[in-house]
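>>> I'd like to go over a predicted model; first the sequence, then the structure.
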Amino acid sequence: MALSAQDKILYVANKLGLSTLGQMQGSTGAVYDVDTDISGQIFSSASRHQNPGVTNITENQFEVNEALLVEAISFYVKNEAGNVLNFQSVYGSNAVLVFDLIIGNKRTMKDTPVFAAGTPYTFANTGQRTIASGVDVVTALSPRNQIFMEGAGILIPPQVQWYVDYRIFDVVTGATISATDTTNIGCYLFGTRVLLNFNTSI
């Protein structure tokens, strides 16, 4: 029998000795950040950003009674103006993004490929559009997020730092593709998040 998201969270919490986690409420949650330094790491410098257009976290670790069970992972590309771009239109149709998810000092995902990239609006269904002569024309009705990883099922526990290492490769030649100076790669982690339940905690 498969463990539910809540069971996984409680199991890890019990192993960590966090006995109050069972009194907390679970809800859908997401964190995102952009590698504005072109360093190949995302979330590690989130505290420097403090900008909701770039990140929605102030540090890359959760508070004492806070955790996130990651169920979907997405990557996206932003330009200097803050616009979200199609990953393959920037890096080419042969580009693949390979990433590691590091929690604490452990690589919980290693050399994991994502063959296309999405946007922070991962589950929005707005499609592709163009503006011709001032007229907004929808050219394709498809989800903004082209391909993302689903069902990761990895828990980021409280008070443990995490970050994502990424590289971009050409799948035909195997060559490393350098990040451009005019665009930045972002990452979006979506899943079940637990927060303090003030009804039982106060």
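Sure thing, it's come through. Numbering: from 1, shown residues only.

>>> contacts, neighbours, all on C-alpha from now
Fine.

>>> can you give me the buried ones in stretch 47-59?
Residues of stretch 47-59 classed as buried: 49, 54-57, 59 (neighbour count, 16 or more other CA atoms under 10 Å).

>>> most widely separated two among those residues?
Greatest spatial distance among the buried residues of stretch 47-59 (CA to CA): V54 and E59, at 12.9 Å.

>>> buried sites along stretch 169-181?
In stretch 169-181, the ones that count as buried by 16+ other CA under 10 Å are 169-170, 179.

>>> ok, now stretch 158-165?
Neighbour-count burial for stretch 158-165 flags 158, 161-165 (criterion: 16+ other CA under 10 Å).

>>> over to stretch 86-102?
Residues of stretch 86-102 classed as buried: 86-87, 91, 95-102 (neighbour count, 16+ other CA under 10 Å).

>>> from the residues you listed, pick the one nearest E66.
Nearest to E66 among these is I102, at 17.9 Å by CA to CA.

>>> helix or strand: which one has the closest one?
Here I102, judged by DSSP states H and E, is contained in strand 95-103.

>>> which residues are in contact with that strand?
With contact meaning CA atoms under 8 Å, 6 or more residues apart in numbering, strand 95-103 is reached by 88, 107-116, 156, 160-171, 177.

>>> which of those residues fall in helices?
If you go by DSSP state H, the contacts of strand 95-103 have Q88 in helices.

>>> narrow the contacts of strand 95-103 to those in strands?
Mapping these onto strands (DSSP state E) picks out 107-114, 156, 162-170.

>>> any idea which of the buried residues of stretch 158-165 is closest to V64?
P158 (5.3 Å).

>>> ok, the nearest residue to that closest one once chain neighbours are set aside - contacts?
Spatial nearest neighbour of P158, excluding adjacent residues (CA to CA, 6 or more residues apart in numbering): F62 at 4.9 Å. If a contact means CA under 8 Å, 6+ apart, then F62 has 157-161 as its contacts.

>>> list just the nearest of those to Y76.
For the contacts of F62, the nearest to Y76 is Q161 (22.0 Å; CA to CA).

>>> would you mind measuring from that closest one to N105?
The spacing between Q161 and N105, counted by CA to CA, to the nearest Å, is 9 Å.

>>> how about I57?
Computed as CA to CA, the I57 to N105 distance reads 20 Å.

>>> return the per-residue confidence for I131.
With respect to pLDDT, I131 has a value of 59.

>>> before we move on, what about the one 4 residues further on?
Model confidence at V135, given as pLDDT, is 61.

>>> if I pick R167, what's in contact with it?
Counting by CA under 8 Å, 6+ apart, R167 touches 40, 97-99, 176-177.

>>> just the helices in the protein please.
Ranges of helices within the chain are 5-16, 46-49, 87-91, 198-201, based on DSSP H.

>>> is the residue nearest to L68 when sequence neighbours are not counted bridged to anything, and to what?
The shortest distance from L68 to any residue other than its chain neighbours is 4.3 Å, reached at R193 (CA to CA, 6+ apart). Beta bridges link R193 to S27, L68 when assigned by DSSP bridges.

>>> I figured R193 hits E63, correct?
No. Contact criterion CA atoms under 8 Å: R193 and E63 do not qualify, at 12.0 Å.
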